[in-house]
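Trainee: sequence first, then the predicted structure, then my questions.
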Amino acid sequence: MQMIIANRLTDGRVVFMDDAGDWVNEIADGLLLVSRQDADEHLSAAQQAVEENRVVDPYLIDVAADAGRRRPVLVRERIRAFGPSVGLVPQSRGVI
């Protein structure tokens, strides 16, 4: 299975193409593509969104479904979809 991921031009946020050709924030709301033909057609539509200055750099990612939850196969894409893989810890003040 695959999905199309991109960055929204207005705020840089990672977005996923949905079944209506719109861009959604959550991977769970994105369109799953199961055939190469569907992937090619939707990627072409994603390029139209680039020309309309809605998104930048759309591309296909491989996605697995674990217990009904979508998860990008590659770690890089998981970080893009779900955020940093480590917690952000505030720095201590006055400590060198």
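Mentor: Looks like it came in fine. Residues are numbered from 1 along each chain as shown.

Trainee: let me see the ranges of the helices in the chain.
Mentor: Applying DSSP state H to the chain gives helices spanning 36-51, 75-82.

Trainee: state the mean pLDDT of the lengthiest strand in the chain.
Mentor: Ordering each strand of the chain by length in residues (DSSP state E) puts strand 55-66 first. Mean pLDDT, strand 55-66: 94.

Trainee: and for stretch 76-95?
Mentor: Here the average pLDDT along stretch 76-95 is 68.

Trainee: flag every buried residue along stretch 26-36.
Mentor: Across stretch 26-36, burial judged by 16 or more other C-beta atoms under 10 Å covers 27, 30-31, 33. Quick note: C-beta positions are derived from backbone N, CA and C, even for glycine.

Trainee: neighbouring contacts of that stretch?
Mentor: With contacts defined as C-beta atoms under 8 Å, 6 or more residues apart in numbering, stretch 26-36 is touched by 1-5, 16-19, 24, 39, 42, 60, 63, 69-70, 72, 81-82.
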